[in-house]
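Visitor: generate coordinates for the sequence data below:
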Amino acid sequence: MKHCRNRKTPVNWLRSPWAIAISVGLSIHLGTGQPQIAAWIAPLGLLYLGLLKMCVLPILLSAITGSIGRLMNANNAGQSIRRILTIFPLGLLLSSSLVVAIGVVAQPGKNLSTSTLEKLGVLVNQSGIDLEISLSETAPASEMAQLDQIFANVVPDNIFSALSEGQTLKVLIFSIIFGVALGLVREPVTEALFDILESVYKACNRLIQGLTLLLPIGLCSLLANQLAQLGFDVLLSMIRFVILAIITFISIYTLSTLLIWRQSRSSLITVLFKLKEPTFLALATSSSLACIPSAIAALSDGLRFDRQTTQLVTPLSITLCRFGSVIYFALATLFVAQLYSKNLSGVDLVTVAVLSILAGMATSGATGVLTLTMLDIVLNPLKLPLEAVLVLLIAIDPILDPFRTLSTVHTGMAATAMIAEREQAASPKLSAMSLDSGLSDAILPDSPLPDSTP
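Guide: Numbers count the residues shown, from 1 in each chain. The predicted model follows:
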């Protein structure tokens, strides 16, 4: 009991759900009632987001390279690779197919009134988006040109340039190739390099854990500024599609959480508390990359999944699979088709499911508005225009982007939980200590994660 009381400090209270709830309430008040203050504190949110992203590339490089290198030396390397090649495609296909079925049944693009469309047009014109869009011409880039662009964003011709410019996908591909090469070098000096990479990962992870104490401040600054700029007009104008998209993302998040719960063999309340940090970070930052360190810590330190597999698979699933973008593109395609009263056959629906996966994976090298333009990979083969609806999607994207990020992060974590084995306790005494720690965390959710290092 004395140990539990020592954990309950004012600093650790900043990790609690109460601190997050207060931060959200304050941000809503400032964003809707005090826009000047919201604009004044906005740099604090941008600074917090920048500090989080600062650690992403070092963690990505060290975790992926070290994990793949040691995986190549492990006895069960073939088993882990087979699981990755099975779970990833199957998870993407199931997610995309489920959302296509939801879009067909719910029909978010049917029966929009003329006044609603006119209001959307006015909002887009007032948004100041710097785009030139032709409503009659097709996209200038062909499918082959888009494919060439995707491959150009994958392989780094200069890894140092990719690191300095923050080209995450190129860094990821380099880390995979370099990790495989290191794993094939059977010399003692390689193990020393793996230890250095692990030290880099642990140092950056400690920094991330410290930054999570500032999450309430960063969340309030980011959310208040977003609400002050956006308002509720766009939400009211396109309410049907927005609500359906949010419900879909939350449903996928719930299914992912249940999968993690099943694989972790822990109580549901413990799983929810261990996943709270990546959940809040995804909603606050709208950056899946910023959530990678927290996701790894939640799975390996919090829920005791195998650390080596978790460090390898989590960045891969979040960066490459892009479940949130796949889900959003499938639903948005159904919305556009219904908006233009285009009847989709069974073959067309299968096409939507498959192309949404490719378009979602293509967003690994894209940011901002460029992410939404990848939807043309799905719309163009169906002879549906992107230009006329792109401005609508841009207008509502600040509302949906946090939920899309949440879906990407947690579905990626669920895929990791399906692949990684759970670590076993070393002794009955250790098991009892772990059980006592789990009960304490359930009672005191604001307590820090136990350090798993020996």
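Visitor: got the buried residues for stretch 407-425?
Guide: Within stretch 407-425, the residues scored as buried using 16 or more other C-beta atoms under 10 Å are 407-420. C-beta coordinates here come from the backbone N, C-alpha and C atoms, glycine included.
Visitor: just flag the most distant two among these.
Guide: Farthest-apart pair in the buried residues of stretch 407-425 is S407 and A420; separation 20.1 Å (C-beta to C-beta).
Visitor: closest to S27 among the buried residues of stretch 407-425?
Guide: Taking the buried residues of stretch 407-425 together and measuring to S27 by C-beta to C-beta, the closest member is V409, at 20.6 Å.
Visitor: please report how far the closest one lies from E277.
Guide: Remark: distance between V409 and E277 (C-beta to C-beta, to the nearest Å) = 11 Å.
Visitor: kindly report the same for I87.
Guide: If you measure I87 against E277 using C-beta to C-beta, the figure is 24 Å.
Visitor: and what of T416?
Guide: 16 Å.
Visitor: same check on T285?
Guide: Per C-beta to C-beta, T285 is found 12 Å from E277.
Visitor: go on, A101?
Guide: Between A101 and E277 the distance is 32 Å, computed by C-beta to C-beta.
Visitor: with V242 instead?
Guide: 26 Å.
Visitor: which residues sit against the helix or strand encompassing T65?
Guide: Per DSSP states H and E, T65 falls inside helix 56-73. By C-beta atoms under 8 Å, 6 or more residues apart in numbering, the residues outside helix 56-73 that reach it are 77, 80-81, 163, 166, 168, 171-172, 174-176, 178-180, 182-184, 186, 190, 194, 197-198, 200-201, 204-205, 208, 289-290, 292-293, 296, 308-309, 311-312, 315-316, 319.
Visitor: give me the mean pLDDT for it.
Guide: For helix 56-73, the mean pLDDT works out to 76.
Visitor: what angle separates the very next helix or strand once past it from helix 56-73?
Guide: Following helix 56-73 in sequence order, the next helix or strand is helix 77-106 (DSSP H and E). Angle of helix 77-106 versus helix 56-73, following axes from the mean of the first three to the mean of the last three C-alpha atoms, to 10 degrees, is 130 degrees.
Visitor: quick one: distance of helix 77-106 to the chain centre.
Guide: Distance, stretch centre to chain centre, for helix 77-106: 16 Å (C-alpha atoms, centre = their mean, to the nearest Å).
Visitor: endpoints of stretch 174-194, how far apart?
Guide: End-to-end distance for stretch 174-194, by C-alpha to C-alpha, to the nearest Å: 16 Å.
Visitor: where does it sit relative to the chain's centre, distance-wise?
Guide: Centroid separation for stretch 174-194 versus its chain: 28 Å, with C-alpha atoms, centre = their mean.
Visitor: buried residues in stretch 272-281?
Guide: Neighbour counts over stretch 272-281 (16+ other C-beta under 10 Å) mark 272-281 as buried.
Visitor: distance check, the nearest residue to V200 once chain neighbours are set aside against L215.
Guide: Nearest residue to V200, sequence neighbours excluded (C-beta to C-beta, 6 or more residues apart in numbering): S62, at 4.2 Å. Distance of S62 to L215, given as C-beta to C-beta: 23 Å.
Visitor: which helix runs longest in this protein?
Guide: helix 387-419 (DSSP state H).
Visitor: would you mind checking the average pLDDT for that one?
Guide: In this model, helix 387-419 has a mean pLDDT of 82.
Visitor: that helix vs helix 77-106, what angle?
Guide: Helix 387-419 runs at 140 degrees relative to helix 77-106, counting by the same axes, to 10 degrees.
Visitor: let's see the helix holding T65 as PDB, backbone CA atoms only.
Guide: The C-alpha trace of helix 56-73 is given here as PDB (Å, rounded to 0.1, in the frame of the first residue of the first chain):
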ATOM      1  CA  VAL A  56      10.100   9.600 -34.500                       C
ATOM      2  CA  LEU A  57      12.900   9.100 -37.000                       C
ATOM      3  CA  PRO A  58      15.600   8.000 -34.500                       C
ATOM      4  CA  ILE A  59      13.100   5.500 -33.000                       C
ATOM      5  CA  LEU A  60      12.100   4.300 -36.400                       C
ATOM      6  CA  LEU A  61      15.700   3.800 -37.600                       C
ATOM      7  CA  SER A  62      16.900   2.100 -34.400                       C
ATOM      8  CA  ALA A  63      13.900   0.000 -33.700                       C
ATOM      9  CA  ILE A  64      13.300  -1.300 -37.200                       C
ATOM     10  CA  THR A  65      17.000  -1.900 -38.000                       C
ATOM     11  CA  GLY A  66      17.800  -3.600 -34.700                       C
ATOM     12  CA  SER A  67      14.600  -5.700 -34.600                       C
ATOM     13  CA  ILE A  68      15.000  -7.000 -38.200                       C
ATOM     14  CA  GLY A  69      18.700  -7.700 -37.700                       C
ATOM     15  CA  ARG A  70      18.000  -9.800 -34.600                       C
ATOM     16  CA  LEU A  71      15.000 -11.400 -36.200                       C
ATOM     17  CA  MET A  72      17.200 -12.700 -39.000                       C
ATOM     18  CA  ASN A  73      19.400 -14.300 -36.300                       C
END
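Visitor: rewinding a little: quick one: distance of the longest helix of the chain to the chain centre.
Guide: Using C-alpha atoms, centre = their mean, the offset of helix 387-419 from its chain centre is 7 Å.
Visitor: returning to what we had before: and the gap between the residue nearest to V200 and P315?
Guide: Distance from S62 to P315, counting by C-beta to C-beta: 11 Å.
Visitor: more neighbours: those two, which one.
Guide: It is P315, of S62 and P315, that has more neighbours when counted by other C-beta atoms under 10 Å, with 29 against 23.
Visitor: before we move on, back to that, show me which of the buried residues of stretch 272-281 is closest to I250.
Guide: Nearest to I250 among the buried residues of stretch 272-281, with distances taken as C-beta to C-beta, is T279, at 11.3 Å.
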